[in-house]
Structure formats: C-alpha cells, structure tokens
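Undergrad: Here's a sequence, model it:
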Amino acid sequence: MAPRKPPDPAAARAAVLALADWLRDPAVAEPERAALAEAVRLTARTLAAAAPGASVEVRVPPFVAVQCVQGPRHTRGTPPNVVETDPRTWLLLATGLLELDAAGPAVELSGSRAGEISGWLPLLRLGESGYRPVD
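TA: I've put the predicted structure just below:
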C-alpha cells in the first residue's frame, strides 16, 4: 500500500468551517454525511500527522481510525490505548469547543496513554468569531 499523503491544512480548515454553525449549535440541522465524513477524516489525519506514532489509536466510527503518538508500536489485535468518540464530539475536540477532560462519557479512553492526545488538541480553534490557527 502506498503511503498516504499528508493532510492539507487548508482543506481540513475548509471542511470544518463548513460545519461551524452545527458545531456551535446542535439545534442546527446535521450536515450531509459526506461533509461530516470529510471533516472528521481530515482532522483525524491531521492529528496523526502532528503526533506521528502508533501507540494510541483514535477511532471516530464510522469514518476513520488513525494511530498516533510516539511510543511502543501496536500491530495486532485490540490496541492497548484507544480513544473512541462520535463524529460531532471529535470535531468539538479538534476545534477547541470542547476539552478532552470535560467530554465525559462522550469519549471513551482506554489505556494509560490514551489521554496524551490532549497535548495535540485543538488542531484548530473555532471560536465565536470564526477560525483561528492554533499557535
């Protein structure tokens, strides 16, 4: 399998901005599945590029699973360090509208290293005034 090219930050930003109203207000109609899938995949792959490694697996079913964070590589069976959440919660985390420790049961963390992804979040900030890159 050919290596995947790194995610385009501009494409990730555009995909998330297209969903900004829904992320800020859950009463807004849910976006089309294709738009949601694109935003989730691009942000998860951005995390994997920012935190390369294979010791933590981030799962956002049904759209994507990526491995990230340097450390012991996991290759078979169920990974020891897993972060799993739904698409909306993932995008809230990726945009800084929700902190990992405030996500409660919406995010399942298993393994001693799963919480380390918080060091790479948010991937971009989506505040009230729009988009701002993370410093």
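Undergrad: Please verify my assumption that Gly96 contacts Ala102.
TA: No: Gly96 lies out of contact with Ala102 (Cβ atoms under 8 Å); the separation is 11.4 Å. Where C-beta positions appear, they are placed from N, C-alpha and C, glycine not excepted.
Undergrad: Just want to know which of those two has more residues nearby.
TA: Gly96 (16 against 10; other Cβ atoms under 10 Å).
Undergrad: Could you list the low-confidence segments of this protein?
TA: Applying pLDDT under 70 to the chain flags residues 1-4, 74-77, 127-135.
Undergrad: Now do the helices in it.
TA: For the chain, the helices defined by DSSP state H occupy 9-17, 20-24, 33-50, 87-95.
Undergrad: Which of those has the highest mean neighbour count?
TA: Burial of the helices of the chain is given as mean neighbour count (mean count of other Cβ atoms under 10 Å); helix 87-95 ranks first at a mean of 24.
Undergrad: Could you write out the alpha-carbon coordinates of that helix in PDB?
TA: Taking Å, rounded to 0.1, in the frame of the first residue of the first chain, the C-alpha atoms of helix 87-95 are listed here in PDB:
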ATOM      1  CA  PRO A  87     -18.100  12.500  14.900                       C
ATOM      2  CA  ARG A  88     -19.600  15.600  16.500                       C
ATOM      3  CA  THR A  89     -17.700  15.200  19.700                       C
ATOM      4  CA  TRP A  90     -14.500  14.600  17.800                       C
ATOM      5  CA  LEU A  91     -14.900  17.800  15.800                       C
ATOM      6  CA  LEU A  92     -15.700  19.700  19.000                       C
ATOM      7  CA  LEU A  93     -12.400  18.400  20.500                       C
ATOM      8  CA  ALA A  94     -10.500  19.100  17.300                       C
ATOM      9  CA  THR A  95     -11.700  22.700  17.200                       C
END
